[in-house]
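Colleague: Can you look at this prediction? I've put the sequence above it.
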Amino acid sequence: MTVKTDTNPTEEKRKQNIPDERGYYGSFGGAYIPEMLYPNVDELRSNYLQVIESAEFRKEFELLLRDYVGRPTPLYYAGNLSETYGAKIYLKREDLCHTGAHKLNSVVGQALIARHLGKKNIIAETGAGQHGVATATVCALMKIPCTVFMGSKDIARQQPNVLRMKMLGAEVIAVESGSKTLKDATNEAIRHWINHPDDTYYLIGSTIGPHPYPDLVARLQSVISQEIQSQLINQEGKDAPDYVLACAGGGSNAAGAFFHFIGNGKTRLIGTEAAGEGVDSGLTAATIYRGTPGIIHGCKTLLMQTSDGQVMEAHSVSAGLDYPGIGPLHAHLHTTGLAQFLPVTDTEALEAAQMLSRAEGIIPALETAHAVAALSKLQFKPDDVAVICLSGRGDKDLQTYQQYFQKT
Amino acid sequence: MTVKTDTNPTEEKRKQNIPDERGYYGSFGGAYIPEMLYPNVDELRSNYLQVIESAEFRKEFELLLRDYVGRPTPLYYAGNLSETYGAKIYLKREDLCHTGAHKLNSVVGQALIARHLGKKNIIAETGAGQHGVATATVCALMKIPCTVFMGSKDIARQQPNVLRMKMLGAEVIAVESGSKTLKDATNEAIRHWINHPDDTYYLIGSTIGPHPYPDLVARLQSVISQEIQSQLINQEGKDAPDYVLACAGGGSNAAGAFFHFIGNGKTRLIGTEAAGEGVDSGLTAATIYRGTPGIIHGCKTLLMQTSDGQVMEAHSVSAGLDYPGIGPLHAHLHTTGLAQFLPVTDTEALEAAQMLSRAEGIIPALETAHAVAALSKLQFKPDDVAVICLSGRGDKDLQTYQQYFQKT
Amino acid sequence: MNALQELFQNKKQNLLSLFFTAGYPQIDSTAGIIEASRKAGIDFLEVGMPYSDPLADGPVIQQSSTVAIANGMTIEMLFNQLETLKEKTSIPLLLMGYLNPVIQFGTEKFMEKAAACSASGIILPDLPIHEYREEYQTLFEKNNLSPVFLITPHTSDERIKLIDELSNAFIYVVSSAATTGKQQDFGQTQEAYFQRLKAMNLKNPLIGGFGIHNRQTLQQAWQNLNGAICGSAFLKKLATAADAGKAIEMLKEDLGLN
Amino acid sequence: MNALQELFQNKKQNLLSLFFTAGYPQIDSTAGIIEASRKAGIDFLEVGMPYSDPLADGPVIQQSSTVAIANGMTIEMLFNQLETLKEKTSIPLLLMGYLNPVIQFGTEKFMEKAAACSASGIILPDLPIHEYREEYQTLFEKNNLSPVFLITPHTSDERIKLIDELSNAFIYVVSSAATTGKQQDFGQTQEAYFQRLKAMNLKNPLIGGFGIHNRQTLQQAWQNLNGAICGSAFLKKLATAADAGKAIEMLKEDLGLN
Ligand SMILES: Cc1ncc(COP(=O)(O)O)c(C=O)c1O
Ligand SMILES: Cc1ncc(COP(=O)(O)O)c(C=O)c1O
């Protein structure tokens, strides 16, 4: 028994996954950048579609996705979860991507673009370190010098990824400003880009930033939902799941997992955001729940801010979700009801990580655990097919898990 | 230009990858076990072939390999390595397997057998922790209580894997006897098995132990060379590489990577063993180089021993290769010249890990790094196709890498 | 015509402007800084509205913003302060800040309040030009406020012409593609850039900023452009000097103006 | 007929044997242990050849092996010691150990030396039966040595019959499927196992071992089988007692034999 579906979605609905020419999804998006960034952003904007749709790019991108990233990633039928939650639950195994998360999909694509544009240096921001590792990885592969900005708080809580970046030859810059987390790492990356405009490509890690980044990253990550679709046809005989669940920090894995299902009238898209110690605790990163429209890092979206328009510090145990904004696509999906966003607390996520480890032998990243935690918040029908985007593996979070489970 | 090949290998040569009925590869193998182990080993011996050749097993095994382990793993053309070493170098990406190493292939298969035999508990030994993690993983998936024996020295140097096993619900038993490494973990696992014979399956991690384990593990791992073969046909238009390189601790990834190429008269099979501080330093694990025929853990093979037949302590910076014996298949391949084994020192392995990280953006496990280090010891012709079995990823070894590269 | 436009009618050369962050170093420093600037003959002022995430700014302005916010500075409060000062001061003022706090304050209300405080213009570096034209231009005009846009060495001629078209007070010539406060002397890049601008015969005066901190940088701006803005260098003096007057004195010394 | 076979001809019940590790606690402890055993009326002895990786053994025998190896004990040295003792001692001796050191020593040479030292039999728990038949049996026979095989509660009747067939001194009845030295009393499993063995009417005497450490375990072995072997419990006494005589006294006390 499937949920009631609109089997004939209008063309308009179908296009909700792509912004207009100026980068707006409804009222969110755009490019709010100082003049110093204009030439670089404009160069990317006027080239990205043509590049990523070129046969040359597709060939190279797809080869790297297959042989280097390890795609397609499996769509794994999780029997034990299915039994527990009373639905057919599949896990889209982005945790099996090289370097351990979906981030590499977008990094491979953007690095090819950077090379196409003749850039000689790549910079990136990182929260959990997964995007930093992915960027350092592809930069090593392509022999491009790489600088990664990471908040000093995140450096402390995601040590394994810091060691990996260094091993890969990247320079890791500890950011001491502001909350010393992802928001400030992003600020510093942008500042560095302003100061090095000539041949530097800024390789953004999520569906955030000024247009065209959100669209670019979403398109590169859309390989996730594309694979889900063809795998589901094979494995379940249907071309769309009833649910897709994904966590959302900036929103790239969610964008990728939702992409081909957005507005199809069949699939309930569920994003989870980090509630930290609770949406009303003051220590939260539940951007959609607590956010209001505004501008952060070059785009109009929902963000957590004071009534004066100062950006608030986010809080989440998970460095990759510890961000006071969210991608404009998601702000739009939320506003239009095309997706639903649920807040998940630190504790719920930690327990979900433990649960998944024990139930299926898969230790998820803390970020990913937020998506898993949504399972117990939904009411499934027995025939429902739910796909969780298993965005990353938990190797980087073992210390946090140990500390938590020692305490409890 | 390929190396001179024997294009019509005799049937006899082809069969060198499989032992005779009593488990002998030439003069190596067999089952040298005390009576307490006889019933369990004999039960396995008389069932394993029938089980793993059954349609039911194949179906379940292959589904899990695809959707859970993430197979086929890519055969990645490493452009930068190829350029450096003057040959076409491919990496067989076992590091992309779920849990990060080839070990899971065999664990999934053996756990299915254990279930088929009605076993209620699973025990395993582990060195690097990869086999322990793989076993804990599949036990979680199959809801089988799991106990892992690990030397206390290895527990200290492979912390991440210890944390993972615990997160997965396994009991990790610190082994304090002997060298406190893999050899002694194996002893303790066997002792535990002797003490719990009734419904315990001993899930051995490599091509070691009494017959049928070496053959069982080799057959389960042979999916590696099977995939290499069909991928090479696709990607290079040839059905056998000129070289296959793999590290050998107990020998399971090497057995898997060699399996379908053994005795084909075309492929040079190169195993690398851990020389530690040097084959003549007294601190080594170069079993083939320094070993003599004898019995260890239930099989006749080459092992490092005193003239009195006492097993010597091995030394390697890599916990997974820190073993004074080697699988009987490899002793046989060495003796017959069907494979060549090269010793690789700690330092060479560490440098190779760094080299691969920087050249291809892939941080290998310390064990794997020993295979990579062989590249600079071989003389390739430009058209040679060499496949390295990239047995595992280096996440568990970051601390060791950091310490080494901080020092140097 | 606003005060700033009047200034440019009367003075075409060697203009000197200061940037400071409202609420820094003290919550009520604004009055003193404005008065001291007037006394010291500063031609016009940019009042920075502090923002939590000033991504075009270097450490000095970042730090001043953090302090100002911690001091309790808000747009509301700034307007209240300027409101009480507007009778006393004749020096043209511009408000400068990031778009988000302005939007949260309410764009229309913001423009009206700015005009009510006798501000002459507003600089919003992250306001896209197309959005300015579609949504902001009429508001600026209605309130007799000059929009000021930034250009950098990487800005195309075409875009500079568009900006010249849209501007009615001056064009903010960012000396190099860099965040504020980079302390390097100007070199050939700047010289070439300034020459390119001269050759374009733009209708608006050109005021150089970002990196003016010593005699060399000031003179080079003055010789090629109509004036210069000094920000980070001034804030650094404010941090250590006894009062705003002393700070300006020290700054002038650095700039070779004593 | 060797000394052990002779013993079994004359004594069918309540046999008591001790196992000890050669070279433990001191490198030259063997002579004293043999002499004290003879004096205490022990029926026969198993002399353990220490091995680095004794995987069928519990912590006590492991520890004794480690010490013995560290003391310098080797098969060569053990034979030298036994050689000098053979005139003095009448107590039947068995050598017990893992296969690898024997192979390294040289199987043929080992058998000859064992015979030369008047050993009656050899226990090699990890020697496969098929290999015994194909490669070792003639050597044993040529040197008049008895092979001793282990059986456990899990050994099938068929296999027990085969072992009975191949044996000519006694069958080593491992009390439970366990490594040596597990200190539990015997229960229903052992009882059922012993009954099963009785019912099989085997031609060889049955000697129970593994876990004999107190009155209950000894008596149960004696009541059901022909005798008992005491290993770990004896080694523990050796570790603390002043000499081997004292150790045997203490052990007998534990076993309820005083
Ligand atoms: C495993 C994993 N999942 C999710 C995220 C959140 O990012 P996004 O929302 O862009 O997918 C991160 C960020 O680091 C991550 O590492
Ligand atoms: C990544 C990896 N490679 C290789 C080995 C060595 O084992 P084997 O020789 O059985 O492949 C190990 C053992 O732990 C390992 O973890």
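Modeller: The structure has been received and is ready for your questions. Ligands and ions are numbered 1, 2, ... in the order given.
Colleague: Would you mind listing what in the stretch 101-250 of chain C touches chain A?
Modeller: C:101-105, C:125-128, C:130-131, C:149-152, C:154-156, C:159, C:174, C:177-179, C:182 (CB under 8 Å from any CB of the partner chain). Yep, even glycine has a C-beta here, placed from its N, CA and C like the rest.
Colleague: Confidence-wise, which helix or strand of the chain is lowest on average?
Modeller: All of this is about chain A. Ranked by mean pLDDT, DSSP states H and E, the weakest helix or strand in chain A is helix A:11-14, scoring a mean of 50.
Colleague: Correction: the question concerned chain C.
Modeller: For chain C, counting by mean pLDDT, DSSP H and E, that's helix C:188-199 with a mean of 91.
Colleague: Buried ones in it, by neighbour count?
Modeller: Within helix C:188-199, the residues that qualify as buried are C:Q190, C:Y193, C:F194, C:L197, counting by 16 or more other CB atoms under 10 Å in any protein chain shown.
Colleague: got it, and stretch A:240-259?
Modeller: Buried residues in stretch A:240-259 (16+ other CB under 10 Å): A:240-259.
Colleague: Just the residues you listed: which are in helices?
Modeller: A:S252, A:N253, A:A254, A:A255, A:G256, A:A257, A:F258 (DSSP state H).
Colleague: Skipping adjacent residues, who's closest to A:H102 in space?
Modeller: A:E94 (3.9 Å; CB to CB, 6 or more residues apart in numbering or on different chains).
Colleague: ignore the last one, A:L96
Modeller: B:G70 (4.2 Å).
Colleague: do A:Y404 as well
Modeller: A:L350 (4.9 Å).
Colleague: ok now do that neighbour, which residues does it touch?
Modeller: A:V317, A:L366, A:A369, A:T400, A:Y401, A:Y404, A:F405 (CB atoms under 8 Å, 6 or more residues apart in numbering or on different chains).
Colleague: Model confidence for the one residue in chain A that gets nearest to ligand 2, exactly?
Modeller: Residue of chain A nearest ligand 2, by CB to the nearest ligand atom: A:D395 (13.9 Å). We have a pLDDT of 96 for A:D395.
Colleague: contacting residues for it?
Modeller: A:D395 neighbours (CB under 8 Å, 6+ apart): A:G100, A:P160, A:I363, B:G100, B:P160, B:R164, B:D395.
Colleague: Chain C: strands as residue ranges?
Modeller: C:15-21, C:44-48, C:93-96, C:121-123, C:146-148, C:150-151, C:171-174, C:206-209, C:227-230 (DSSP state E).
Colleague: For D:F234, find the nearest of those strands.
Modeller: Closest approach to D:F234 among the strands of chain C (CB to CB): strand C:15-21, 87.0 Å.
Colleague: So which elements touch that closest one?
Modeller: helix C:29-39, strand C:44-48, helix C:59-71, strand C:206-209, strand C:227-230, helix C:232-240 (3 or more CB pairs under 8 Å, 6 or more residues apart in numbering or on different chains; DSSP states H and E).
Colleague: Let's check: the centremost residue of the chain is which one?
Modeller: Unless you meant another one, I'm taking chain A. Centroid check for chain A by CA atoms, centre = their mean gives A:S252 as the closest residue, at 2.7 Å.
Colleague: That was the other one, I meant chain C.
Modeller: Most central in chain C (CA atoms, centre = their mean) works out to C:E46, at 3.8 Å.
Colleague: Show me what it is bridged to.
Modeller: C:E46 forms beta bridges with C:F19, C:L94, as assigned by DSSP bridges.
Colleague: Which residue does the stretch 201-350 of chain A have closest to chain D?
Modeller: A:L350 (38.8 Å; CB to the nearest CB).
Colleague: The helix or strand hosting that residue and ligand 1 in contact?
Modeller: Using DSSP states H and E, A:L350 sits within helix A:346-360. No: counting by CB under 6 Å from any ligand atom, ligand 1 has no neighbours in helix A:346-360; the shortest distance is 11.4 Å.
Colleague: The helix or strand just after that helix and ligand 1 in contact?
Modeller: Using DSSP H and E, the next helix or strand after helix A:346-360 towards the C-terminus is helix A:366-373. Yes: judged by CB under 6 Å from any ligand atom, helix A:366-373 comes into contact with ligand 1 through A:E367, A:T368.
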